[in-house]
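Q: 3D, please:
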Amino acid sequence: MEKESKGVTDNVLQTSDFFNPRDKGQVKYEMLRAHLYEGRFVTRVCREFGYSRESFYKALESFREEGLSGLALKRTGKKKPDKVTPEIIGYVIYQKAKFDLSGAAIARKIVNKFDLKLHKRTVERILRHYGLLEP
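A: As a prediction, the model looks like this:
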């Protein structure tokens with residue numbers, strides 16, 4: 001479970017067995033609901049639910065664009081390797097399709113051919129992305 005949201009003082013999240021103040025997605029939803037449907041001021045709901053105004057508006061934008069899934073935690077970090085070019089992706093796919101090499105073996109071949117060191121997990125992510133490796 002996620003770390004508990006610090007500063008959640010809203011009564012419904014503190015007194016109900018159904019609501020969980022440690023579920024950040026639920027807390028964000030209730031914060032938005034309190035503002036949009038109960039008419040509470042943004043500064044008040046931010047204080048009661050333990051979020052900044054900036055976080056409130058980001059949650060609101062995510063909710064409007066993606067619905068409930070927009071309030072769920074998303075993985076942070078890089079979305080794709082920054083050293084990988086289309087040429088290297090093609091090479092990785094070719095090596096897997098033609099020779100059925102492991103990620104580590106393909107990574108070693110990339111060092112020899114491109115003078116570029118990629119971690120075997122990076123190679124495996126490429127293969128997963130293109131459906132050549134089980135998730």
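Q: Name the residues of stretch 47-67 that come out as buried.
A: 48, 49, 50, 51, 56, 59, 60, 62, 63 (16 or more other CB atoms under 10 Å). Any C-beta I mention is one placed from the backbone N, CA and C, and that applies to glycine too.
Q: Now name the helix or strand holding the fifth one.
A: I take that to be residue 56. Assigned by DSSP states H and E, residue 56 falls within helix 53-66.
Q: Downstream of that helix, the next helix or strand is which one?
A: Moving toward the C-terminus from helix 53-66, the next helix or strand (DSSP H and E) is helix 86-99.
Q: Who are the packing partners of the next helix or strand after that following helix?
A: Once the chain leaves helix 86-99, the next helix or strand it forms, by DSSP H and E, is helix 103-114. Here helix 103-114 touches helix 86-99, helix 120-129, going by 3 or more CB pairs under 8 Å, 6 or more residues apart in numbering; DSSP states H and E.
Q: quick one, which of those is nearest to residue 107?
A: helix 120-129 (4.7 Å; CB to CB).
Q: And the closest one, what's buried?
A: In terms of neighbour count (16+ other CB under 10 Å), helix 120-129 has its buried residues at 122, 123, 124, 125, 126, 127.
Q: So which elements touch that helix?
A: helix 86-99, helix 103-114.
Q: mind listing what residue 40 touches?
A: With contact taken as CB atoms under 8 Å, 6 or more residues apart in numbering, residue 40 is in contact with 34, 48.
Q: domain assignment for this structure?
A: As recorded under automatic domain parsing, the domains making up the chain are 11-71, 86-129.
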